[in-house]
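K.L.:
build the 3D model from these lines:
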Amino acid sequence: MTNPSDYLTHLPTEQLLICKSHKYALRPKGVFRHLQRYHKTTPLTTRRALVEYAGTLTLRDESTVITPVDIIPAFECLEMIPGHRCIICNFLSSTIEGIEKHSQTVHEWDNTRGTLLFFSKKMNELIEIESCWTAQTIQTFFLGIHKKYFAVTRNTQQPNDSTIETLVARMLDAAAIQDEADDAAQMERDIVMNDQGAAENSPWLTMTGWKEMFAGKNMAVLVGFINKDVRRSDDYALKRLHASVHRLINYCMQGVRDLDWREWKAIRYWMRSHKGQQPSSKPFRRNYKELSSYADVWLQLILLCWRVVDSSESLELESGEAGVRGPEFLPEQKTQLMALRSLFLENPSDADLDKAVLIFSVSLIEHRDYQKERSIIKYFCGIYL
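P.N.:
Have a look, this model is predicted:
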């Protein structure tokens, strides 16, 4: 059983969740992404349990967190940062360049005369001081462009930061911080919002329910779920799925061609019709020059179902209001999908794999509109189109 305290520290007063290994707070909606990106070696079941645990907590983000204004005892779960504090207004900076710029622009501090002088316009005189600042240990709850520092006291001496290893580690941490900040900004752009823009509220999107279907969803993540480029992947199961779907589509098309040989051509008119009691005026095509392209589309549908089970989206399948949840599976579809995945616990034959893919595909096609769970095919089309 997963013990969240082995990986995360909850600060109930501050309403924050701290990653123990990275020593900073996680955004309420960014726990899954952080674990997926920076804790790949942690077992999937453990990551899911941690995401579920985070969902039970009331957490703050950068815009609502209360940053201390006084000097307080340091949080042991956060990184200690050697910084600087302005002795005039208590401004905090993590770099000497930052505190110098503050001193010059805000307090008119001037050291160009060879001595450190502080010029006060209010007093209209020069006051000789060693500097406008003093060394101060600081901390921050969140990283990225919106971080806010606060001053802390510590009882233990920190190790020397001058080693090459420490400097390299700090450079890597800084790059990771910037990446996460960039990701957070991009994520905000990728999230579907109901009240954004006239184009996003067009009659077509309103009529099809697209905005309602994907409200609050990160479309960049969902588009990643249908990425079909798996032939060069290291994932053995996905490579086998690619081959299976293409075999299956070719097998089905051979059945269509067989209709003419048996003189059952009328069936192809019914196959093309979307009406239960009336055939189409044109027959279902039996020859496709780009059949592999059609097979790739069906592969993307299967990959969406496959990958969503491994994501935080799957945690939303059991609860929530209709229109807000992620992809919704019927009970038999869940059973068939789990059976398909369990085949790879061993080395399945092509025949067994193709049969399992066919059974699951048929269940997706037979999903009726009047059922409570939304059709996976409709959900997929909202991402693909």
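K.L.:
for the protein, which spans come out with low pLDDT?
P.N.:
Applying pLDDT under 70 to the chain flags residues 110-131, 155-209, 230-234, 310-326.
K.L.:
longest strand of it?
P.N.:
Taking DSSP state E as the criterion, the chain has its longest strand at strand 133-140.
K.L.:
against Leu16, how distant is the closest residue to Lys265 other than its chain neighbours?
P.N.:
Spatially, and ignoring its direct neighbours in sequence, Lys265 is nearest to Leu259 (6.4 Å; CB to CB, 6 or more residues apart in numbering). The C-beta positions use only the backbone N, C-alpha and C, and glycine is treated the same way. Distance from Leu259 to Leu16, counting by CB to CB, to the nearest Å: 64 Å.
K.L.:
cool, and Glu373?
P.N.:
36 Å.
K.L.:
which of these two has more neighbours?
P.N.:
Leu16 (24 against 17; other CB atoms under 10 Å).
K.L.:
contacts only, for the more buried one.
P.N.:
Leu16 sits next to 10, 25, 59-60, 65, 141 when contact means CB atoms under 8 Å, 6 or more residues apart in numbering.
K.L.:
just Asp354 next, same as before
P.N.:
244, 247-248, 251.
K.L.:
neighbours of Gly30, how many?
P.N.:
18.
K.L.:
quick check: closest non-adjacent residue to Asp61.
P.N.:
Nearest residue to Asp61 in three dimensions, chain neighbours excluded: Arg27, at 5.2 Å (CB to CB, 6+ apart).
K.L.:
would you list the phi and psi of that neighbour?
P.N.:
phi -70, psi 140 (degrees, to the nearest 10).
K.L.:
what about it, distance to Phe141?
P.N.:
Applying CB to CB to Arg27 and Phe141 gives a distance of 11 Å.
K.L.:
mind listing the shared neighbours of these two?
P.N.:
Glu62.
K.L.:
and those two? Which one has more around it.
P.N.:
Phe141 (23 against 18).
K.L.:
how much space between Tyr269 and Val31?
P.N.:
As judged by CB to CB, Tyr269 and Val31 stand 53 Å apart.
K.L.:
more neighbours: the two, which one.
P.N.:
Legend: neighbour count by other CB under 10 Å for Tyr269 and Val31, higher for Val31 (23 against 15).
K.L.:
just checking, the more buried one touches Glu52?
P.N.:
No - using CB atoms under 8 Å, Val31 is not in contact with Glu52, being 9.8 Å away.
K.L.:
for stretch 278-286, buried residues please.
P.N.:
Of all the residues in stretch 278-286, those buried under the rule 16 or more other CB atoms under 10 Å are 283, 286.
K.L.:
now do stretch 294-312
P.N.:
295-296, 298-309, 311-312.
K.L.:
got the contact list for stretch 73-81?
P.N.:
Residues contacting stretch 73-81 (CB under 8 Å, 6+ apart): 9, 11, 18, 20, 23-24, 94, 137-141, 149, 152-154, 158.
K.L.:
mind checking the end-to-end distance for that stretch?
P.N.:
One end of stretch 73-81 sits 14 Å from the other (CA to CA, to the nearest Å).
K.L.:
and that stretch, what's buried?
P.N.:
74-75, 77-78, 80.
K.L.:
show me which of the contacts of stretch 73-81 are buried.
P.N.:
Buried among the contacts of stretch 73-81 (16+ other CB under 10 Å): 9, 11, 18, 23-24, 94, 137-141, 149, 152.
K.L.:
export these to TSV and tack on distance to Leu343?
P.N.:
Output for those, formatted as TSV (distance: CB to CB, whole Å):
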residue	distance to Leu343
Thr9	40
Leu11	44
Ile18	40
Lys23	42
Tyr24	41
Ser94	53
Thr137	56
Ile138	54
Gln139	50
Thr140	48
Phe141	45
Tyr149	53
Val152	54
